[in-house]
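**Student:** task: produce atomic coordinates for the following.
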Amino acid sequence: MIHGLPMAVPSEELPPQVRIHEVGARDGLQNEKAVVPTQVKAEFIHRLADAGLTTVEATSFVRPDWVPQLADAEELFPLLGDLGPEVALPVLVPNARGLDRATALGARRIAVFASATESFAKANLNRTVDESLAMFAPVVERARADKIHVRGYLSMCFGDPWEGPVPIHQVVRVAKALMDLGCDELSLGDTIGVATPGHVQTLLSELNEEGVPTNALGVHFHDTYGQALANTFAALQHGVTTVDASAGGLGGCPYAKSATGNLATEDLVWMLDGLGIETGVDLGRLTATSVWLAERLGRPSPSRTVRALSHKE
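**Tutor:** Numbering: from 1, shown residues only. Here you go, the predicted model:
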């Protein structure tokens with residue numbers, strides 16, 4: 001079914017290796033209208049790991065009535081124990097209660113989810129930006145004390161559906177606050193997909209100038225205007241080596257209706273393979289996994305690469 005890889009033409013100006021932070025099982029599936037069975041989720045994650053992805057965000061320990069699609073976190077996480085330490089399985093925790101639930105199951109990597117804008121903080125967490133940071137502080141402190149890796153997600157870094165373009169200094173302030181709490185890494189989210197490459201590089205430069213190092217940063221782009229790969233390339237040029245993506249291009253954001261799908265992992269791997277950048281991901285296996293999941297979801301994958309490769313004879 002699957003043939004072909006791009007011709008690799010390496011560039012000395014780009015990183016030789018990129019770590020893909022796969023978010024399909026959490027950020028992707030949280031927006032499905034129908035509840036995906038727990039066993040299907042577990043097999044999906046196992047297939048992603050088998051394709052070579054070493055970081056697969058597994059689920060979210062949020063209140064079940066907030067995100068019903070991820071209400072089975074307690075059932076799902078134990079089904080992944082056979083993956084071994086070579087596959088990192090971060091989970092999203094919204095607060096101290098979420099941290100308790102995650103650590104009770106042995107989670108060793110967590111993520112907190114903050115907003116650069118007041119409107120989205122209110123919609124997503126029913127708190128102001130500063131109130132949400134105050135809520136995260138004891139969570140991060142406890143996790144760090146237990147030597148648990150902490151990722152900070154920062155949403156609305158480029159635009160907000162209620163507030164419009166987000167000033168760079170505003171994003172930098174909240175990003176620095178998250179890092180000051182003790183986050184090990186920070187993922188910059190273009191939640192509604194309005195970023196463009198120059199905007200990306202300017203934000204990254206401003207963060208560097210304010211003391212946030214590039215090696216602590218990841219990028220998380222949505223493809224609303226078809227800019228996700230261009231924005232990723234701009235981040236690579238800046239030296240970023242952690243890129244979030246979702247298998248098959250699944251996902252959006254339940255609290256931002258204008259957010260379309262995430263950058264498809266297959267589209268990202270196709271570009272990185274062509275650039276000679278090592279990811280450790282087998283594109284054929286990954287594409288087959290997204291085709292398999294699309295059949296279970298009852299609709300084709302939105303990923304252009306999945307469509308192109310799966311229709312080849």
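
**Student:** check contacts around Thr232.
**Tutor:** Val219, Phe221, Val243, Leu263, Leu268, Met271 (Cβ atoms under 8 Å, 6 or more residues apart in numbering). Any C-beta I mention is one placed from the backbone N, CA and C, and that applies to glycine too.

**Student:** now do the SS call for it.
**Tutor:** Under DSSP: H, G, I helix; E, B strand; the rest coil, Thr232 falls in the helix class.

**Student:** ok, it to Cys157 distance?
**Tutor:** The spacing between Thr232 and Cys157, counted by Cβ to Cβ, to the nearest Å, is 14 Å.

**Student:** before we move on, what about Leu76?
**Tutor:** For Leu76 relative to Cys157 (Cβ to Cβ), the value is 29 Å.

**Student:** and the two? Which one has more around it.
**Tutor:** The neighbour comparison of Leu76 against Cys157 (other Cβ atoms under 10 Å) goes to Cys157, with 31 against 20.

**Student:** wait, a helix at that one?
**Tutor:** No: per three-state DSSP, Cys157 lies outside any helix segment and is coil.

**Student:** now it: phi and psi?
**Tutor:** Here is the backbone geometry of Cys157 (degrees, to the nearest 10): phi -70, psi -20.

**Student:** and it, what does it touch?
**Tutor:** By Cβ under 8 Å, 6+ apart, the contact list for Cys157 reads Ala116, Val166, Val171, Ala175, Leu188, Gly189, Asp190, Thr191, Ala195, Leu203.

**Student:** again, only using 7 Å
**Tutor:** Ala116, Val166, Val171, Leu188, Gly189, Asp190, Leu203 (Cβ atoms under 7 Å, 6 or more residues apart in numbering).

**Student:** looking at those residues, state which has the most neighbours.
**Tutor:** Going by other Cβ under 10 Å, Asp190 tops the contacts of Cys157 with 29 neighbours.

**Student:** between the contacts of Thr232, which is closest to Gln30?
**Tutor:** Checking those against Gln30 by Cβ to Cβ gives Leu263 as the nearest, at 16.2 Å.

**Student:** tell me the spacing between that closest one and Trp292.
**Tutor:** Distance of Leu263 to Trp292, given as Cβ to Cβ: 20 Å.

**Student:** ok, now Phe77?
**Tutor:** 22 Å.

**Student:** could you list the low-pLDDT ranges of the stretch 101-250 of the chain?
**Tutor:** For the stretch 101-250 of the chain, applying pLDDT under 70 flags no range at all.

**Student:** what ranges do the helices span in it?
**Tutor:** Using DSSP state H, counting those that start in this stretch, the helices found in the stretch 101-250 of the chain span residues 118-125, 129-145, 168-181, 197-209, 228-238.
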